[in-house]
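**Student:** predicted coordinates and the sequence they were generated for:
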Amino acid sequence: MSLVNNVEFLRHLPKMNAFSGLGALAPAVPTPLVETTEFGVNPGDLKMYSFVPAQLARSPALVVVLHGCGQTAASYDLGAGWSTLAKHYGFALLMPEQQAVNNGNSCFNWFNPQDIARGQGEACSIRQMIAHMAGAHEIDPRRIYVTGLSAGGAMASVMLATYPDVFAAGAIVAGLPFGVATDLREALHAMMHASALSAPELGGFVRNASTHDGAWPRLSVWHGSADRTVHPGNADAIVRQWLDVHGLPLAAMSKADVDGHPREVWWNVDGETLVESFSITDMAHGTPLGLADNDERYGVEGAFLIEAGISSSYHIASFFGLTDKVRQPHIAPTGIPRERADTISMTIPVPAAEPEAVSGRKSDRPRKRRSKGVDVGAVITRALTAAGLMK
């Protein structure tokens with residue numbers, strides 16, 4: 001179905017204008033995000049925004065965040081608080097943005113076959129942005145993650161399925177499984193009814209999306225139990241899809257409440273959590289907000305950004321293994337600390353339309369925590385001394 005026909009179809013479905021936050025586009029908001037216009041081939045015609053804190057952790061991680069319909073990268077970052085988390089914990093942030101010329105409601109085209117295949121369309125554009133960020137900021141290829149809300153969550157499903165060699169883990173908020181729609185009509189049906197496909201059928205969509213034969217990304221799934229825009233059954237379908245991919249049983253291995261909301265967990269033989277699922281009690285369509293475990297609040301309430309007593313962004317960052325890292329200054333290749341390397345001009349090689357060099361991940365397991373006995377001050381002092389900035 002062409003974009004023109006998609007728009008015409010939506011005109012006859014006024015009740016669906018809540019689709020992933022449809023409506024007036026979010027107004028401009030103050031933002032720390034910076035736009036990059038040249039990052040490689042861009043067959044999906046997306047915009048690239050990013051945030052890199054002045055102080056990156058050693059072996060820095062990258063989190064790719066995909067906004068919902070009717071949102072911009074800046075508005076979703078403000079609401080979900082990802083750049084604040086990135087600043088606190090020293091990881092880089094990439095926030096691709098849809099353009100109205102591609103989708104009249106600024107939704108990522110997670111159902112369009114030309115945009116959800118490896119090496120094609122919007123999926124390829126996002127992959128190119130990741131490659132650019134990895135080269136420009138020395139991102140650890142074992143620590144690249146993706147998350148998104150609604151249509152952005154469905155697009156996160158696409159990225160995990162088509163580029164499983166790139167991502168260590170992902171998180172889908174109020175999204176849909178990969179492969180359940182190939183046009184807008186099927187997408188709307190999936191949103192309203194969820195998928196009744198079996199776990200092996202859903203898992204087959206992921207396995208057939210690439211030639212990957214290594215470890216699969218870990219996954220965190222979030223969905224409001226009162227969501228009337230994307231049926232909560234889609235969360236169950238996503239879980240079934242990835243349990244099959246990981247070869248795990250359908251029955252949860254652990255169930256407990258976290259901040260008053262049910263969480264189910266599945267792990268491997270080594271006790272590593274591979275899949276988790278949060279059902280946010282009585283919450284409508286959106287991203288759950290609340291105090292984090294460290295008593296800080298990330299993000300602000302707004303359209304499809306809902307106070308629920310639990311900070312999904314913080315918990316997702318924790319699931320990715322980003323909230324327990326010791327922050328240390330990242331030294332640029334020239335020996336100049338990153339905060340003084342901002343003005344250095346560097347030529348970053350960008351891979352072709354089907355980049356592979358940024359993967360290299362041997363294991364999806366999070367790295368062990370540093371010993372509490374580490375003298376951080378001494379480490380920083382040695383780094384500054386080595387850079388010639390302290391005698």
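**Tutor:** Good, I have the coordinates. Numbering: from 1, shown residues only.
**Student:** quick one, longest helix in this protein?
**Tutor:** Assignment by DSSP state H gives helix 121-137 as the longest helix of the chain.
**Student:** which of the three states applies to residue 53?
**Tutor:** Following DSSP: H, G, I helix; E, B strand; the rest coil, residue 53 is assigned to coil.
**Student:** burial of it, as a residue count?
**Tutor:** By other C-beta atoms under 10 Å, the residues close to residue 53 number 23. (Glycine included, C-beta is placed from N, CA and C.)
**Student:** about what we covered before: next SSE downstream of the longest helix of the chain?
**Tutor:** strand 144-149 (DSSP states H and E).
**Student:** counting by contacts, list what the longest helix of the chain packs against.
**Tutor:** strand 47-51, strand 62-66, strand 92-97, helix 151-162 (3 or more C-beta pairs under 8 Å, 6 or more residues apart in numbering; DSSP states H and E).
**Student:** give me the angle between the second one and helix 121-137.
**Tutor:** Following axes from the mean of the first three to the mean of the last three C-alpha atoms, to 10 degrees, one obtains 150 degrees for the angle between strand 62-66 and helix 121-137.
**Student:** what's the angle from strand 62-66 to strand 47-51?
**Tutor:** 130 degrees.
**Student:** partners of strand 62-66 in the sheet?
**Tutor:** If you go by DSSP bridges, strand 62-66 pairs up with strand 92-97 (parallel), strand 144-149 (parallel).
**Student:** and the first one, what's its mean pLDDT?
**Tutor:** Averaged over strand 92-97, pLDDT sits at 98.
**Student:** just checking, residue 99 touches residue 42?
**Tutor:** No. Judged on C-beta atoms under 8 Å, residue 99 makes no contact with residue 42 at a distance of 10.6 Å.
**Student:** so if I had to pick from these two, which one is more boxed in?
**Tutor:** Between residue 99 and residue 42, counted using other C-beta under 10 Å, residue 42 has the larger neighbour count: 19 against 11.
**Student:** now, of the strands paired with strand 62-66, which is deepest in the fold?
**Tutor:** Across these, the average number of neighbours (mean count of other C-beta atoms under 10 Å) peaks for strand 144-149, which reaches a mean of 29.
**Student:** so how far is residue 99 from the residue nearest to residue 189 when sequence neighbours are not counted?
**Tutor:** In this structure, residue 189 finds its nearest non-sequential neighbour in residue 181, 7.5 Å apart by C-beta to C-beta, 6 or more residues apart in numbering. As judged by C-beta to C-beta, to the nearest Å, residue 181 and residue 99 stand 21 Å apart.
**Student:** the stretch 201-350 of the chain: strands as residue ranges?
**Tutor:** With DSSP state E, counting those that start in this stretch, the ranges of strands along the stretch 201-350 of the chain come out as 218-224, 254-258, 261-267, 273-280, 287-289, 305-307.
**Student:** contacting residues around the nearest residue to residue 202 once chain neighbours are set aside?
**Tutor:** Closest residue to residue 202 apart from its sequence neighbours, by C-beta to C-beta, 6+ apart: residue 241 at 3.7 Å. Contacts for residue 241 (C-beta atoms under 8 Å, 6 or more residues apart in numbering) come out as 177, 178, 199, 202, 203, 205, 206.
**Student:** try it again with 6 Å
**Tutor:** 177, 202, 203 (C-beta atoms under 6 Å, 6 or more residues apart in numbering).
**Student:** ok, now how distant is the residue nearest in space to the middle of the chain from residue 247?
**Tutor:** Residue closest to the mean C-alpha point of the chain, counted by C-alpha atoms, centre = their mean, is residue 147 at 1.8 Å. For residue 147, the distance to residue 247 equals 24 Å [C-beta to C-beta].
**Student:** then residue 280?
**Tutor:** 28 Å.
**Student:** if you count surrounding residues, which of these two has more?
**Tutor:** residue 280 (29 against 10).
**Student:** was I right to think that one contacts residue 288?
**Tutor:** Yes. Residue 280 lies in contact with residue 288 (C-beta atoms under 6 Å); the separation is 5.0 Å.
**Student:** between the two, which contacts overlap?
**Tutor:** Shared contacts of residue 280 and residue 288, counting by C-beta under 6 Å, 6+ apart, come down to residue 308.
**Student:** any low-confidence regions in this structure?
**Tutor:** For the chain, the stretches with pLDDT under 70 are 1-29, 325-391.
**Student:** which parts of this protein are helices?
**Tutor:** 3-11, 73-80, 82-89, 121-137, 151-162, 184-193, 199-207, 233-246, 312-319, 376-386.
**Student:** so who does the residue nearest to the centre of the chain touch?
**Tutor:** Residue 147 neighbours (C-beta under 6 Å, 6+ apart): 65, 156, 171, 316.
**Student:** one more pass at 8 Å, please.
**Tutor:** 63, 64, 65, 66, 153, 156, 170, 171, 172, 173, 316.
**Student:** again, but for residue 144
**Tutor:** Residue 144 neighbours (C-beta under 8 Å, 6+ apart): 61, 62, 64, 130, 134, 166, 167, 168, 358.
**Student:** can we see that at 7 Å?
**Tutor:** 62, 130, 166, 167, 168 (C-beta atoms under 7 Å, 6 or more residues apart in numbering).
**Student:** now the closest residue to residue 34 other than its chain neighbours: how far from residue 312?
**Tutor:** Counting by C-beta to C-beta, 6+ apart, the nearest residue to residue 34 once its immediate chain neighbours are dropped is residue 50, at 6.0 Å. Using C-beta to C-beta, one obtains 21 Å as the distance from residue 50 to residue 312.
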